[in-house]
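Peer 1: generate coordinates for the sequence data below:
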Amino acid sequence: MSENKTELKRSLGLIDATSLVAGSMIGSGIFIVTSAMARDIGSAAWLLVIWLVTGLITVAAALSYGELAGMMPNAGGQFVYIQRAYGRLVSFLYGWTVFTVIQTGVIAAIAVTFANYAAIFFPVLDHTLFTIGTGFVFSYQKVLAIFSIILLTYINTKGVESGKTVQLIFTSAKLIALFALIILGLYVGLQTDVLSNNFANMWEASKTVVNPDGTITVTKLAGMAILGAAGATIINSLFSSDAWNNVTFIAGEIKEPKKNIPRSLFLGTLIVTIIYVLANVAYLALLPMQGTPNATDIASNGIMFASNDRVGAAAASMIMGNVSVFVMAGLIMVSTFGCNSGLILSGGRLFFAMAKDGLFFKQATELNKNQVPAKALWVQCIWACILCISGKFGDLLTYATFASLLFYILTILGVFILRKKEPNADRPYKAFGYPFVPTLYIVVTVAICLTLLIYDTFNTGLGLCIVALGIPVYYFVMNKK
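Peer 2: You can find the predicted model right below:
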């Protein structure tokens, strides 16, 4: 019979926490999104600037979060910070959005990506089990995606040590593989003139659109149009760099959290930023920026038109030839499996914290004999599996990324609010560069959100609607108490 306990066990050290930060960030995005960004901005220099800006604001956010993590080293992380600064309603809206789309939607999308690449090794996974209408297809791939979520949830219910081991193994494996791709890519690429050609007119920006008849339209960008295009396409790199805050959800299980959480946030985001920028330099050293969508060889497709946007696979093929298809598929499977392990581990702790505050299912407060919130993990698992089946998670991710940025802004603004409201509170770590670094993050991210509202009004509007839908749900929950 399970023994229900009330306190989480602190058993994760600095390396474990840093592994969770980096492992949760590195999924499939770095291998794919650069193609879309290249079409949107058309400039090698601007492409690297966007990745650098993404890294800088992510590190700036992590440095600012460190102060809040030191003040409130409890399970739930960002949910707890928001509640202390703004109250229960805003914290519930954050938790609501995380549960409905941000955490579970990412878990579902990454699981499906894992299954898609598994199909390269096992083509039977492409077989369709049944279809509903013309838009819904249920295949063995989705069965594998669901199974991977269930398996990782089961492993995490066996104790934080089990989850920690899986996370550390897979994070180490993908970091080694990514560094290998970068080093080999630069070694091979720098023996050609591809990099110098890409930087010949490096600041000439353009937007490339593929027309229905297969032709392409190239529009030159200048002045504010460049900033607008950069502000719109940065959503891709931001999504690839997201989930770094997940380590705050498991603060209740980290040793010396007042020191280790701020350190892990900084180290994890810095490591991933360096890897992402270098990976894009390797892409530019191996593949031409420009390309043709219907070309018959990988080099002629360029970065812009890599097959299915798989720029990582295209770059690897320039190093290893045909075998790269399997090498990259294996790397992405390792990357996505490890990423989901971290997301599943941390997400359950957020819902555990919400439940303890009366804002989630009461049963989610229970810890099993291994001192983990197993029921919270299984609720998360069920909803993520439903999103896998629904086939709508891709849209949900687009909507939720904007909402996620809004909550990051609110959380970092909370540093200023709590400095004023609670000037004498214990702050073992104070935000680096305060008030300039937190202000820089807020200003840049607000500018990005405004740009997205202008250039992608429909999706950003739906993101706001998902958040707003939580308001009546909150009052319904409160009236039931």
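
Peer 1: for residue 209, which three-state class applies?
Peer 2: strand (DSSP: H, G, I helix; E, B strand; the rest coil).

Peer 1: do you know the pLDDT at it?
Peer 2: The model reports residue 209 with a pLDDT of 88.

Peer 1: ok, it to residue 357 distance?
Peer 2: 48 Å (C-beta to C-beta, to the nearest Å). The way it works is simple: take the backbone N, C-alpha and C, and place the C-beta from them, glycine included.

Peer 1: who's more crowded, the two?
Peer 2: residue 357 (16 against 11; other C-beta atoms under 10 Å).

Peer 1: what about the strands in the stretch 251-400 of the chain?
Peer 2: With DSSP state E, counting those that start in this stretch, there are no strands along the stretch 251-400 of the chain.

Peer 1: so where's it shaky on pLDDT?
Peer 2: Residues of the stretch 251-400 of the chain that meet the criterion pLDDT under 70 lie in 391-398.

Peer 1: mind telling me what element residue 219 is part of?
Peer 2: Using DSSP states H and E, residue 219 sits in strand 216-220.

Peer 1: with just CA atoms, put that strand into CSV.
Peer 2: Extracted as CSV, the C-alpha positions of strand 216-220 are listed here (Å, rounded to 0.1, in the frame of the first residue of the first chain):
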residue,chain,number,x,y,z
ILE,A,216,9.3,31.7,-55.2
THR,A,217,8.9,35.4,-54.5
VAL,A,218,11.7,37.2,-52.8
THR,A,219,11.0,40.5,-51.2
LYS,A,220,13.9,42.7,-50.1
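
Peer 1: and it, how far out from the chain's middle?
Peer 2: Its chain's C-alpha centre and that of strand 216-220 lie 30 Å apart, by C-alpha atoms, centre = their mean, to the nearest Å.

Peer 1: for it, which helices and strands make contact with it?
Peer 2: strand 206-210 (3 or more C-beta pairs under 8 Å, 6 or more residues apart in numbering; DSSP states H and E).

Peer 1: report the buried residues of stretch 466-481.
Peer 2: By neighbour count with 16 or more other C-beta atoms under 10 Å, stretch 466-481 contains the buried residues 466-467, 470, 474.

Peer 1: any idea which helix or strand carries residue 222?
Peer 2: Residue 222 belongs to no helix or strand when elements are defined using DSSP H and E.

Peer 1: tell me who's in contact with it.
Peer 2: Contacts for residue 222 (C-beta atoms under 8 Å, 6 or more residues apart in numbering) come out as residue 205.

Peer 1: which phi and psi does it have?
Peer 2: phi -150, psi 160 (degrees, to the nearest 10).

Peer 1: cool, and residue 193?
Peer 2: Note on residue 193: its backbone torsions stand at phi -100, psi 20 [degrees, to the nearest 10].

Peer 1: now do the one 10 residues further on
Peer 2: Backbone torsions of residue 203, given as degrees, to the nearest 10, read phi -100, psi 0.

Peer 1: quick one: secondary structure of the spatially closest residue to it that is not a sequence neighbour?
Peer 2: Ranked by C-beta to C-beta, 6 or more residues apart in numbering and with sequence neighbours excluded, the top spatial neighbour of residue 203 is residue 45, at 5.2 Å. Three-state call for residue 45 (three-state DSSP): helix.

Peer 1: and what of residue 138?
Peer 2: strand.

Peer 1: neighbours of it, just the number please.
Peer 2: Residue 138: 15 neighbours (other C-beta under 10 Å).

Peer 1: these two touch, right, it and residue 128?
Peer 2: Yes - look at residue 138 against residue 128 with C-beta atoms under 8 Å: they come within range, at 7.0 Å.

Peer 1: ok, longest helix in this protein?
Peer 2: In the chain, assigned by DSSP state H, the helix with the most residues is helix 324-356.

Peer 1: pull out the buried positions in that one.
Peer 2: In helix 324-356, counting by 16+ other C-beta under 10 Å, buried: 324-325, 327-356.

Peer 1: what helix or strand is the spatially most central residue of the chain on?
Peer 2: Most central in the chain under C-alpha atoms, centre = their mean is residue 242, positioned 3.3 Å from the mean C-alpha point. Using DSSP H and E, residue 242 maps to neither a helix nor a strand.

Peer 1: tell me the contacts of residue 29?
Peer 2: Contacts of residue 29 (C-beta under 8 Å, 6+ apart): 236-237, 239-241.

Peer 1: give me that answer again for 7 Å
Peer 2: Residues near residue 29 by C-beta atoms under 7 Å, 6 or more residues apart in numbering: 239-240.

Peer 1: helices of the stretch 301-450 of the chain, start to end?
Peer 2: For the stretch 301-450 of the chain, the helices defined by DSSP state H, counting those that start in this stretch occupy 311-320, 324-356, 374-390, 393-421, 436-455.

Peer 1: how far away from the center of its chain is the longest one?
Peer 2: Taking C-alpha atoms, centre = their mean, one finds helix 324-356 lying 10 Å from the centre of the chain it belongs to.

Peer 1: quick one: it to helix 374-390, angle?
Peer 2: Between helix 324-356 and helix 374-390, the angle comes out at 130 degrees (axes from the mean of the first three to the mean of the last three C-alpha atoms, to 10 degrees).

Peer 1: ditto for the fourth one
Peer 2: For helix 393-421 against helix 374-390, the angle between stretch directions is 140 degrees (the same axes, to 10 degrees).

Peer 1: and the angle from helix 393-421 to helix 436-455?
Peer 2: Interaxial angle, helix 393-421 versus helix 436-455 (the same axes, to 10 degrees): 140 degrees.

Peer 1: what residues of helix 393-421 count as buried?
Peer 2: In helix 393-421, counting by 16+ other C-beta under 10 Å, buried: 393, 396-416, 418-419.

Peer 1: thinking again about what came up before, can I get the buried residues of stretch 466-481 in JSON lines with distance to residue 364 and pLDDT?
Peer 2: Converted to JSON lines, the buried residues of stretch 466-481 look like this (distance: C-beta to C-beta, whole Å; pLDDT from 0 to 100):
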{"residue": "466", "distance to residue 364": "21", "pLDDT": "88"}
{"residue": "467", "distance to residue 364": "21", "pLDDT": "90"}
{"residue": "470", "distance to residue 364": "17", "pLDDT": "93"}
{"residue": "474", "distance to residue 364": "17", "pLDDT": "92"}
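
Peer 1: out of these, flag the one nearest to residue 195.
Peer 2: residue 466 (41.8 Å; C-beta to C-beta).
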